[in-house]
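S.K.: just coords:
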């Protein structure tokens, strides 16, 4: 299985300058090719004979028209502009297939990265001794942690906030896992990061919400500085470091959760959530983005392959929250989002909303029977057991009321302690 590995670099000032130059060359060649293709598409409206040039043709034209005029292109490795044009052509191919939108122009200081290559796959030329890595045209650079391979064929150098990282791809053998592993249904939410059908609850770190006051303060500092000044540059660096910290907290929680699920379960069932539609709700968009629901699904897709598990995506229209697990074959009832606990006044059954959804997701299969929907709402004043109105003797449900299912709150840091 092919995996990617990323670790931080510890470059000196001279190497940081070289990194910035290489990133500038990659950005310039990408924007040059993007402008060329956009101009060509406008001309094609009147002349259909014109064809979009390939990445090789774009590079040949870049060498003839741009590189020969700008000598600073020769200060970086030749693979830097070549790979940038290849990525551009790939982005336009995705646009032509209507998979994504048109590629945008890159801006200085935002997602700076460049590609390096040396040797061949049989004889890789990017070597490392565990503490340093020898990059082509750049020399030896210190590593924050050793790479899994002593030599690689290519790598990508990128910058996040004020730190530089190296990313490589390498082949790994699938790890050995237990033969008998249970099936689990997972309900991803905002209040809790994930609730499993076995009762385990994983807390949502809510990194952006916790750091919101600091982010506002740093953003205010940036807006008060004069554009183009050194003080503004310093303020932007502090803000970017805080944004990177928020992203790292979120990634750490999702990585630990998905690793635990894929390693300890044979089948993992999740809902096919329409994240794009959720983000249109501006009251919940910030909280949904802070969860990283889409990243959760992406990580499960490759980690289930790594641990020989199976990922099952439940039908988007399956009413996991409405269909009560203990009331099979009966009508499913409305479950407003404000009701977090289901209470049945007739049989005194109390069920947590998210745990109920996770258990319903676990028992889902193709062709499952879905009861008809009833207009009766499930709440503290309505019953799901065919009782229109509760007696006065029944206790009104509150948030403090205990549920009849045992839940275990799991700290993600202890899973990998």
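M.R.: In hand now; what should we look at? Every value quoted in this text rests on a predicted model; they were computed, and no experiment measured them. Numbering: from 1, shown residues only.

S.K.: Hmm, residue 7 and residue 145 touching each other?
M.R.: Yes: using Cβ atoms under 8 Å as the test, residue 145 is close enough to residue 7 to be in contact (5.0 Å). C-betas here are computed from N, CA, C, even on glycine.

S.K.: who has more neighbours, those two?
M.R.: residue 7 (15 against 10; other Cβ atoms under 10 Å).

S.K.: how close does the more buried one get to residue 74?
M.R.: 29 Å (Cβ to Cβ, to the nearest Å).

S.K.: again, but for residue 186
M.R.: Distance, residue 186 to residue 74, using Cβ to Cβ: 53 Å.

S.K.: before we move on, what about residue 259?
M.R.: Distance of residue 259 to residue 74, given as Cβ to Cβ: 45 Å.

S.K.: Which of these two has more residues huddled nearby?
M.R.: residue 259 (18 against 11).

S.K.: Now do the same contact list for residue 160.
M.R.: By Cβ atoms under 8 Å, 6 or more residues apart in numbering, the contact list for residue 160 reads residue 244.

S.K.: Give the bridge partners for it, please.
M.R.: residue 163 (DSSP bridges).

S.K.: Doesn't residue 157 belong to a strand?
M.R.: Yes: if the criterion is DSSP: H, G, I helix; E, B strand; the rest coil, then residue 157 is within a strand.

S.K.: quick one, what contacts it?
M.R.: 9, 19, 22, 113, 114, 115, 116, 135, 164, 165, 166, 167.

S.K.: check contacts around the residue lying closest to the fourth one once chain neighbours are set aside.
M.R.: With Cβ to Cβ, 6 or more residues apart in numbering as the criterion, residue 113 has its nearest non-adjacent residue at 3.7 Å, and that residue is residue 158. With contacts taken as Cβ under 8 Å, 6+ apart, residue 158 has the following neighbours: 111, 112, 113, 164, 165, 167.

S.K.: Buried among the residues you listed? Make that a ChimeraX selection.
M.R.: Entered in ChimeraX, the line below selects the buried ones among the contacts of residue 158, by 16 or more other Cβ atoms under 10 Å:
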select :112,113,164
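
S.K.: just checking, which of the contacts of residue 158 belong to strands?
M.R.: 113, 164, 165, 167 (DSSP state E).

S.K.: Which strand residues bridge the last one?
M.R.: Read that as residue 167. residue 6, residue 156.

S.K.: could you point out the longest helix in the chain?
M.R.: helix 230-264 (DSSP state H).

S.K.: Report the buried residues of it.
M.R.: In helix 230-264, counting by 16+ other Cβ under 10 Å, buried: 232, 235-236, 239-240, 242-243, 246, 249-250, 253-264.

S.K.: Grab the nearest non-local neighbour of residue 226.
M.R.: residue 232 (6.2 Å).

S.K.: got the end-to-end distance for stretch 39-48?
M.R.: 14 Å (Cα to Cα, to the nearest Å).

S.K.: next one: that stretch to chain centre, how far?
M.R.: With Cα atoms, centre = their mean, to the nearest Å as the basis, stretch 39-48 stands 37 Å off its chain's centre.

S.K.: For residue 137, which non-adjacent residue is spatially closest?
M.R.: Residue 137 sits nearest to residue 77 (Cβ to Cβ, 6+ apart), 4.3 Å away.

S.K.: pLDDT score assigned to residue 386?
M.R.: At residue 386, the predicted lDDT confidence score is 36.

S.K.: sorry, that was for residue 320
M.R.: Among the per-residue scores, residue 320 holds a pLDDT of 73.

S.K.: Check residue 365 too.
M.R.: Reported pLDDT for residue 365: 78.

S.K.: Which secondary structure elements does the longest helix of the chain sit against?
M.R.: When contacts are defined as 3 or more Cβ pairs under 8 Å, 6 or more residues apart in numbering; DSSP states H and E, helix 230-264 packs onto strand 192-196, helix 207-210, helix 212-224, helix 293-306, helix 412-415.

S.K.: Double-check that residue 31 belongs to a helix.
M.R.: Yes: residue state for residue 31 (three-state DSSP) corresponds to a helix.

S.K.: where's the closest residue to it other than its chain neighbours, which helix or strand?
M.R.: The shortest distance from residue 31 to any non-neighbouring residue, by Cβ to Cβ, 6+ apart, is to residue 105 (5.0 Å). For residue 105, there is no host helix or strand (DSSP states H and E).

S.K.: close enough to count as contact, residue 105 and residue 37?
M.R.: No: contact criterion Cβ under 8 Å: residue 105 and residue 37 do not qualify, at 11.6 Å.

S.K.: In terms of packing, which of the two has more residues around it?
M.R.: residue 37 (19 against 11).

S.K.: mind giving me the domain split of the chain?
M.R.: If you go by automatic domain parsing, the domain ranges for the chain are 2-171, 191-314, 332-409.

S.K.: who touches the residue lying closest to residue 43 once chain neighbours are set aside in this structure?
M.R.: Closest residue to residue 43 apart from its sequence neighbours, by Cβ to Cβ, 6+ apart: residue 50 at 5.7 Å. With contacts defined as Cβ under 8 Å, 6+ apart, the neighbours of residue 50 are 40, 43, 44.

S.K.: What of residue 120?
M.R.: Taking Cβ under 8 Å, 6+ apart, one finds residue 153 in contact with residue 120.
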